[in-house]
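Trainee: Please find the sequence and the predicted model below.
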Amino acid sequence: PKKKMNVTIADVARVAGVSVTTVSRILNGEKYVRDDKKKAVEAAVEKLGYRPSLYARSLAGNRSYVIGLLLDDPQGDYLSGIQRGLLNKCKQAGMHVVVEVFDKTTTFEQIQSFLSSFGLSGVILTPPVCDNEVILAALSKRKIPTIRIS
């Protein structure tokens, strides 16, 4: 049996009869694209079964499309509501979420190792992690956009 190759943005462009740049602009939701080109690209995406590669997107745009949710204790209705809302919004935006548990014993090296592993596009901190000076210092050092829920 033939191995199925991954469909690329170039394949979509070829089938749609447009440039790779046009496909990229449409897939990234840019507003100023002619409607006929948008429809051609959408049809090609459907026909080919194209699914964007997060890895390729992150290389091209210097973003990981991954948001970190850092928390202390994953129990309770409060945090499950935050997680549900975050997962829904991130899915709509083409983002993914990685959840990591940290506590008051977390070292600067541990948080740095975690941050290095994922190249996060942003981080959401829940209580009491949102007040952890070690975590805040590591995020500040890397200039990672952060939301603190308190």
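Mentor: Received, thanks.
Trainee: quick one: the residue nearest the centre of the chain and I9, what's the gap?
Mentor: The centroid of the chain falls nearest to Y65 when counting by C-alpha atoms, centre = their mean (2.0 Å). Plainly put, Y65 is 15 Å away from I9 if you go by C-beta to C-beta, to the nearest Å. Placement of C-beta: from N, CA and C, glycine included.
Trainee: buried set for the helix ranked longest in the chain?
Mentor: If you go by DSSP state H, the chain has its longest helix at helix 77-92. For helix 77-92, burial by neighbour count (16 or more other C-beta atoms under 10 Å) applies to 79, 82-83, 86-87, 90.
Trainee: and S64, how many neighbours does it have?
Mentor: By other C-beta atoms under 10 Å, the residues close to S64 number 19.
Trainee: which residues touch V97?
Mentor: 66-69, 83, 86-87, 90 (C-beta atoms under 8 Å, 6 or more residues apart in numbering).
Trainee: Distance to V99 and pLDDT for those residues - can I get that in CSV?
Mentor: As requested, the contacts of V97 are arranged in CSV below (distance: C-beta to C-beta, whole Å; pLDDT from 0 to 100):
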residue, distance to V99, pLDDT
V66, 11, 84
I67, 10, 87
G68, 8, 88
L69, 5, 86
Q83, 7, 84
L86, 9, 88
L87, 9, 88
C90, 11, 87
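Trainee: Please enumerate the helices of the chain.
Mentor: 9-16, 20-27, 35-48, 54-61, 77-92, 108-118, 133-142.
Trainee: P127 is nearest to which of the ones you listed?
Mentor: Smallest distance to P127 across the helices of the chain (C-beta to C-beta): 8.9 Å, for helix 77-92.
Trainee: got the contact list for that closest one?
Mentor: By C-beta under 8 Å, 6+ apart, the surrounding residues in contact with helix 77-92 are 67, 69, 71, 73, 96-97, 99, 124, 126, 149.
Trainee: Could you rerun that using 7 Å?
Mentor: Identification of contacts with helix 77-92 by C-beta atoms under 7 Å, 6 or more residues apart in numbering yields 67, 69, 71, 96-97, 124, 126, 149.
Trainee: Just the buried residues from those residues, in ChimeraX please.
Mentor: Applying 16+ other C-beta under 10 Å to those, the buried members can be selected in ChimeraX as follows:
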select :67,69,71,97,124,126
